[in-house]
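*Asks:* give me coordinates for this.
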Amino acid sequence: MSGALLPPVIYIDADACPVKEEIYRVALRCALPVFVVANSFMRVPQHPLIKINVVDAGPDVADDWIAERAGAGDVVVTNDIPLASRCLDNGSEVLAPTGKPFTASSIGSALAQRELMEHLRSFGEGQGGPKPFSPQDRSRFLSALDAAVTRARRRKSA
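*Replies:* You can find the predicted model right below:
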């Protein structure tokens with residue numbers, strides 16, 4: 001056993017992720033393994049560091065797969081707030097595709113807002129969905145991903 005530290009792993013909740021290409025670029029530049037987790041097949045770069053895992057369709061199947069594997073010093077990219085909470089509990093760095101980090105101090109209010117929005121939708125309110133993804137969102141995401149990778153590396157080496 002060499003005692004070498006394993007690098008952070010990046011997990012992508014991929015079905016609706018608009019920043020997969022950006023993640024691939026950062027992962028290849030930093031030599032980090034990536035797991036692309038989706039309910040249906042999607043093309044990913046053919047590279048030994050990038051692997052696709054197609055899970056069965058169904059509620060939370062992809063989320064469960066990610067949450068069972070992502071740990072301290074890994075990075076998870078998701079818009080799914082309950083998944084973000086589970087991964088934070090495991091010690092992972094968690095980012096939304098907009099670059100907004102989920103943190104221990106912000107996840108409670110994010111969960112509460114999600115519950116409120118679900119309640120409003122059940123009454124026909126709050127329809128509309130997210131705003132369009134902008135170039136500024138991509139730029140903000142890349143900066144946030146670099147910072148998350150740096151924090152994850154520190155955590156892996158601690």
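*Asks:* when you work out contacts or count neighbours from here on, use the C-alpha atoms and nothing else.
*Replies:* OK.
*Asks:* could you pull out the helices for the protein?
*Replies:* Using DSSP state H, the helices of the chain run over 20-30, 61-69, 81-89, 107-122, 135-157.
*Asks:* please identify the deepest-packed of the ones you listed.
*Replies:* Neighbour counts (mean count of other Cα atoms under 10 Å) averaged over each of the helices of the chain peak at helix 81-89, with a mean of 21.
*Asks:* and that helix with helix 61-69, angle?
*Replies:* Counting by axes from the mean of the first three to the mean of the last three Cα atoms, to 10 degrees, helix 81-89 lies at 10 degrees to helix 61-69.
*Asks:* now for helix 81-89, which elements pack on it?
*Replies:* Under the contact criterion of 3 or more Cα pairs under 8 Å, 6 or more residues apart in numbering; DSSP states H and E, helix 81-89 touches helix 61-69, strand 93-95, strand 101-102, helix 107-122.
*Asks:* show me the shaky parts of this protein.
*Replies:* Applying pLDDT under 70 to the chain flags residues 1-4, 105, 107-130.
*Asks:* list just the one of the helices of the chain that sits closest to Ser40.
*Replies:* Within the helices of the chain, the stretch nearest Ser40 is helix 61-69; the backing value is 10.4 Å (Cα to Cα).
*Asks:* sorry, back to before: just send the helices of the chain back as CSV, with distance to Ile10 too.
*Replies:* Putting the helices of the chain into CSV (distance: least, Cα to Cα, whole Å) gives the following:
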stretch, distance to Ile10
helix 20-30, 8
helix 61-69, 10
helix 81-89, 12
helix 107-122, 20
helix 135-157, 9
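*Asks:* mind checking which of these is nearest Asn39?
*Replies:* helix 61-69 (6.8 Å).
*Asks:* what packs against that closest one?
*Replies:* Judged by 3+ Cα pairs under 8 Å, 6+ apart, helix 61-69 is in contact with strand 10-13, strand 34-38, helix 81-89.
*Asks:* got a markdown table for those, with distance to Trp65 too?
*Replies:* Formatted as a markdown table, the helices and strands packed on helix 61-69 follow (distance: least, Cα to Cα, whole Å):
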| stretch | distance to Trp65 |
| --- | --- |
| strand 10-13 | 10 |
| strand 34-38 | 8 |
| helix 81-89 | 10 |
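*Asks:* looking at those, which is closest to Ser139?
*Replies:* Nearest to Ser139 among these is strand 10-13; the distance by Cα to Cα comes to 17.8 Å.
*Asks:* format the CA atom coordinates belonging to the closest one as PDB.
*Replies:* Provided in PDB are the C-alpha atoms of strand 10-13 (Å, rounded to 0.1, in the frame of the first residue of the first chain):
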ATOM      1  CA  ILE A  10     -17.000  14.700  -8.800                       C
ATOM      2  CA  TYR A  11     -20.500  13.300  -8.900                       C
ATOM      3  CA  ILE A  12     -23.000  14.800 -11.300                       C
ATOM      4  CA  ASP A  13     -26.700  14.500 -10.900                       C
END
